[in-house]
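1. test case, fold it:
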Amino acid sequence: MPVAPQKIVILGGGYVGLYVAWTLEKHSELPLEVTLIEPRAYMTYQPLLPEVAGGHVSPRDVTVDLRQALAHTNVVRGAVTGVDSKAKTVTVAPVDGGETVYDYDHVVIGLGAVTRTFPTLGLAEHGVGFKTIEEAAHTRNTVLLNVARAAAATDPAERRKYLTFVFIGGGYTGVEALAELSDLSKKAIAAQPALAGEEPSWILIEALDRVAPEVGPELSAWTLDELRKRGIDIRLKTTMKSCEDAVAVFSDGDEVPFGMLVWTAGVKPNPVLANTDLPLGPRGHVNTSAKLQVIREDGGWVRGAWAAGDNAQIPDLTKPQPAWYPPNAQNALRQAVLLGDNIARSVRRRRPRQYIHYSLGTVASYGLFHGAANIFGVQLKEVPAWLAHRGYHLLAMPTTDRKVRIFAGWVADFVGRADLTPTDDLEDPTRDFRVAAGGK
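-> Now for the predicted structure:
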């Protein structure tokens, strides 16, 4: 008599979702029915978004089509709206409307994180995040469009506003994005004869007393000094009080009209977790054991529930004192592979293994030929660090075809001229037709 397949439902199509599904597909000998639920049709390799903004990598080349990558997984486009761990069901709102309920034997919570914001007046109207392909492409287009606007402006104050760009948040993602876009703005200005002698104004606001803390204290201090040498106005121990009418009001009393404001002040677990009955930690993460099992406060396993990545609070067993693994791609990928294997072990009625990973270090790119890296305690700066950053992420990028596309793009970027072509019309592709048809 055939054995009924175990139903595995994976929530989220990021690092965790993709690699858990990939790992489970390798266990073809097991009776598994795997379903992955994700609103977007693709996984995004977020560490290369700054290079998308800088124009070194095409936006689609940092994506992996989930249906193409997962040959034996049912990929469902929809948003998770609830999880009932007692009934072992997941509620989903498909992209075509309605509501669907999936029952499961095992569920993987891989919903990731979203941009963390604060109730700041004007932020929703005038700010943009930096966590998606669309946001990275939008910031690039805005820089190029604002430079063109500045070249056409006759009012000096208006010109200065277009050439003023504000970043809120000085983690290494924000610093990488700012560095790329700052270089882009200088190249775009140099191509505009009307802006001869003009310089862009880049302002980085950071509430802490340092930038890029992820690379370690020494490289963080070096990064601060290097960015300031490149003309970037970095204000530490400073916050933004409001940004209404495209005027940023800072806690130091300064008020700055701006042409673009990018918010990179951290992330938080996906808020949909609050609509579940899963046990959450103090910061909204799913409470997770070292075996990647969702656990209650008493340490008992929520049967069939697993979690990993940015939405999971996983104890770091490599540390002598209680600590959690940081939310980064390095951990998410490795946790996902182990999680997939642990589900397979559970199906075989074997004990799951613990997640123990010693950090490889951190690599950061600050534009072409600039960077900082701390690899196994060895500190690198400038070109060596930049090469380490590109080498690591080229190897880590999923699928061979994307690796080839990215590398080919880097070669073309190196031998050719800087690409200053804006694609802002793609953000509103029906505009010309609306006007032709008599619309606004």
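
2. number of nearby residues for the nearest residue to Gly129 once chain neighbours are set aside?
-> Nearest residue to Gly129 in three dimensions, chain neighbours excluded: Thr115, at 4.3 Å (C-beta to C-beta, 6 or more residues apart in numbering). Glycine gets a C-beta too; all of them are placed from N, C-alpha and C. By other C-beta atoms under 10 Å, the residues close to Thr115 number 18.

3. and the helices in this protein?
-> With DSSP state H as the criterion, the chain has helices at 15-25, 49-54, 66-69, 123-126, 133-152, 156-162, 172-190, 217-229, 329-347, 382-396, 400-415, 431-436.

4. go through the fifth one and flag the buried ones.
-> In other words, helix 133-152. Of the residues in helix 133-152, those buried by neighbour count under the rule 16 or more other C-beta atoms under 10 Å are 133, 135-148, 150-151.

5. tell me which strands and helices it is in contact with?
-> Helix 133-152 makes packing contacts with helix 49-54, strand 127-128, helix 156-162, helix 172-190, strand 260-263 when contacts are defined by 3 or more C-beta pairs under 8 Å, 6 or more residues apart in numbering; DSSP states H and E.

6. which of the ones you listed sits most buried?
-> Greatest average neighbour count among these goes to helix 49-54 (a mean of 27), per mean count of other C-beta atoms under 10 Å.

7. and the gap between His126 and Phe258?
-> Using C-beta to C-beta, to the nearest Å, one gets 8 Å for the distance from His126 to Phe258.

8. common neighbours of those two, please.
-> 243, 246 (C-beta atoms under 8 Å, 6 or more residues apart in numbering).

9. one step back: can I get the helices and strands packed on helix 133-152 in a markdown table with mean pLDDT and distance to Arg210?
-> Conversion of the helices and strands packed on helix 133-152 to a markdown table gives the following (pLDDT from 0 to 100; distance: least, C-beta to C-beta, whole Å):
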| stretch | mean pLDDT | distance to Arg210 |
| --- | --- | --- |
| helix 49-54 | 95 | 19 |
| strand 127-128 | 96 | 23 |
| helix 156-162 | 96 | 29 |
| helix 172-190 | 95 | 11 |
| strand 260-263 | 98 | 19 |
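
10. closest one to Ala323 among those?
-> The closest of the helices and strands packed on helix 133-152 to Ala323 is helix 172-190. By C-beta to C-beta, the value is 19.5 Å.

11. tell me the pLDDT at Pro429?
-> pLDDT, Pro429: 86.

12. quick one, phi/psi of it?
-> Main-chain dihedrals, Pro429, degrees, to the nearest 10: phi -70, psi -20.

13. also the one 10 residues further on?
-> In terms of degrees, to the nearest 10, the main-chain angles of Gly439 are phi -90, psi -170.

14. quick one: low-confidence parts of the stretch 1-150 of the chain?
-> Low-confidence segments of the stretch 1-150 of the chain (pLDDT under 70): 1-2.

15. Pro47 contacts His393, correct?
-> Yes: under the contact definition of C-beta atoms under 8 Å, Pro47 touches His393, with a separation of 5.4 Å.

16. pull out the buried residues from stretch 433-440.
-> Within stretch 433-440, no residue qualifies as buried by neighbour count (16+ other C-beta under 10 Å).

17. CA atoms only: put it into PDB for me.
-> Provided in PDB are the C-alpha atoms of stretch 433-440 (Å, rounded to 0.1, in the frame of the first residue of the first chain):
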ATOM      1  CA  PHE A 433      -0.100  55.900 -24.000                       C
ATOM      2  CA  ARG A 434      -2.300  57.600 -21.400                       C
ATOM      3  CA  VAL A 435      -1.300  61.000 -22.700                       C
ATOM      4  CA  ALA A 436      -1.900  59.800 -26.300                       C
ATOM      5  CA  ALA A 437      -5.300  58.500 -25.300                       C
ATOM      6  CA  GLY A 438      -6.300  61.800 -23.700                       C
ATOM      7  CA  GLY A 439      -5.600  60.900 -20.100                       C
ATOM      8  CA  LYS A 440      -3.400  62.500 -17.500                       C
END
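
18. burial count for the closest residue to Asp61 other than its chain neighbours?
-> Leaving out its chain neighbours, the residue that sits closest to Asp61 by C-beta to C-beta, 6+ apart is Arg405, at 4.4 Å. Per other C-beta under 10 Å, the neighbour tally for Arg405 reads 17.

19. what does Leu292 give?
-> Neighbour number of Leu292 under other C-beta under 10 Å is 29.

20. now do the contacts for it.
-> Shown in contact with Leu292 (C-beta under 8 Å, 6+ apart): 306-308, 312, 314, 335, 338-339, 342, 352, 355.

21. at 7 Å instead, please
-> Taking C-beta atoms under 7 Å, 6 or more residues apart in numbering, we find Leu292 in contact with 306-308, 314, 335, 338-339, 342, 355.

22. repeat that for Asp419.
-> Gly55.

23. how far away is it from Ala179?
-> Taking C-beta to C-beta as the measure, Asp419 falls 17 Å from Ala179.

24. which residues does stretch 313-330 contact?
-> For stretch 313-330, using C-beta under 7 Å, 6+ apart, the contacting residues are 15, 46-47, 113, 267, 281, 285-288, 290, 292, 310, 331, 335, 354-356, 358-360, 396.
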